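>>> I need the structure of the sequence given here:
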Amino acid sequence: MGIMHPLWRKRFNKQGRLVRFLLPALLILGMLIPAAGVMAAPASTPPLAAPIVVIPVEHTIENGLERFLQRAFHEAEELGAKEIILEIDTLGGSVEAAGNIGQLVKESKIPTIAYVRGKAISAGTYIALNANRIAMGPGSSMGAAAVVDATGKEVDQVKIISYWSSRMSAAAELRGRDPLVAQAMVDKRMGISLPQIGREVAKGDILTLTAGEAVKVGYAETLVADRQAVVAFIGGEEHPLVEINLSIAEQLSRWITQPWVSVMLLLIGIAGVAIELFVPGFGIAGILGILGFASYFFGHYIAGFAGVEEIVLFVAGFFLLVMEMFVASFGILGVLGALCLFGGVVLSAHNMKLGMANLGIAFVLALIVVFIFIRVFRKRGVWNRFILQDQLSTQEGYVSAVSRVELVGMKGQSLTPLRPSGTALFGEERLDVVTDGEFISAGSPVVITFVEGSRIVVKPWKDPS
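Model (predicted):
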């Protein structure tokens, strides 16, 4: 056992007495604090009432709207909302996005009411049918949910119509509405009798309901004048009203993620970079190309479709293609770069099929644009760096060597040995000459047999006399 120094023992005893005094005091204080909290609780302000959250569902239904609604529903749950009002005014859009939004509405833990304040056409009708209740505004309508392609042409494939019709009727049946009415909004082959509103929808027609008709056939619970009337209908007058709107980035993202906009941005990106590579010196083409790709990935990143991995993959592909132009890799870097670019664009789309379609269309259009551009500015192409373009023409002041054809037949004497070239004297003029390969010694008589430019050919000559 160790021995404690007297000085440390003195200090220890003082600290021990201090601890023995403070410990009971802390225990008593700990018991008093909860009691004080209980006594003070009645004096605190009561919690605020759960808010009514308003979420707009406007314009074209696409992937950007789906992402926004996911965020909005999450925020409504965090706020502890009493009910969600979906203000619908849309002419429809993507069936896939509408299906996902409908699922989001259907699975919401917070009760929902769809307030159709304008149009709830096609995919907009499906979203409304998934809500717990529907309120129709003045002059509003719903229905006309036929499936159309990207060009707006109505799709007549039985499988697609049957699938969308079953989705619509299931959503209607979920909330206790007549599924046959929903099917008549999709399938022209249906036809339906609606005695409640005195209408017969013949086969070949698509059903659309006005606000009053929707209430009479049981597809809407009430007619309302405005948003405040909707709040009163759900008993939310005493609850604060919170509206969740699109941020500027989300608005831009909604616009960019539309298929035709994505194709245009990819077209600008591919064509701009290709033109800058093949016809360098413009600058503006390369800048536009980079901006096109940057905008594409920005929109898809904000929408939640593209992550950092897809962007890094695309950038790596771009640098690999640039390296291919300067490093002899037998095409390996070029192939890897193209695959990285392709993968980055496709994986950043909402789904791979849509990404491949957008990229394919943009690539074909870019080829046409680049071909036309190169044809117009072909003299500035990168390949012209390897071709000598300068010409030494007479019009430019350049003159080739004088051809002395008048010398043919002249006789002279070799001044140096011709092995086979050397110098010969013709009259008083010294000329550089060459033989056909034979050796001629110095001082031998020669005759000029052929002249081509500066080349003078001679052979031995013997005087017949």
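
>>> from now on I want contacts and neighbour counts done on CA atoms only, so please keep to that.
Fine.

>>> with adjacent residues omitted, what lies nearest to residue 217?
residue 196 (6.1 Å; C-alpha to C-alpha, 6 or more residues apart in numbering).

>>> does the one you found belong to a helix, a strand or coil?
coil (DSSP: H, G, I helix; E, B strand; the rest coil).

>>> so how far is residue 202 from it?
Between residue 196 and residue 202 the computed distance is 16 Å (C-alpha to C-alpha, to the nearest Å).

>>> what do you get for residue 105?
Here the criterion is C-alpha to C-alpha. By it, residue 105 lies 32 Å from residue 202.

>>> looking at it, residue 257 is touching residue 300, isn't it?
Yes: counting by C-alpha atoms under 8 Å, residue 300 is a contact partner of residue 257 at 6.4 Å.

>>> quick one, which of these two is more surrounded?
residue 257 (26 against 23; other C-alpha atoms under 10 Å).

>>> tell me the pLDDT at that one?
If you check residue 257, the pLDDT there is 70.

>>> thinking again about what came up before, residue 105 and residue 202: which has the busier surroundings?
Higher neighbour count among residue 105 and residue 202: residue 105, with 26 against 15, using other C-alpha under 10 Å.

>>> what does the one helix or strand that one maps to contact?
Following DSSP states H and E, one finds residue 105 within helix 95-106. Contacts to helix 95-106, defined as C-alpha atoms under 8 Å, 6 or more residues apart in numbering, come from residues 61-63, 66, 69-70, 112, 123-124, 126-128, 130-131.

>>> and if you look at stretch 248-259?
By C-alpha under 8 Å, 6+ apart, the residues outside stretch 248-259 that reach it are 62-65, 68, 261-262, 295-296, 298-300, 302-303, 358.

>>> tell me which two of the residues you listed sit farthest apart.
68 and 358 (22.5 Å; C-alpha to C-alpha).

>>> least trustworthy helix or strand in this protein by mean pLDDT?
helix 6-40 (a mean of 38; mean pLDDT, DSSP states H and E).

>>> direction included, what does the following helix or strand past that helix pair against?
Sequence order places strand 52-58 as the next helix or strand after helix 6-40, per DSSP H and E. With DSSP bridges as the criterion, the sheet partners recorded for strand 52-58 are strand 83-90 (parallel), strand 241-243 (parallel).

>>> what's the most buried one of the ones you listed?
Among these, ranked by average contacts under mean count of other C-alpha atoms under 10 Å, first place goes to strand 83-90 (a mean of 24).

>>> and that one, how far from the chain's centre?
Centre-to-centre, strand 83-90 and its host chain are 28 Å apart (C-alpha atoms, centre = their mean, to the nearest Å).

>>> neighbouring contacts of it?
Residues contacting strand 83-90 (C-alpha under 8 Å, 6+ apart): 51-61, 76, 110-121, 124, 128.
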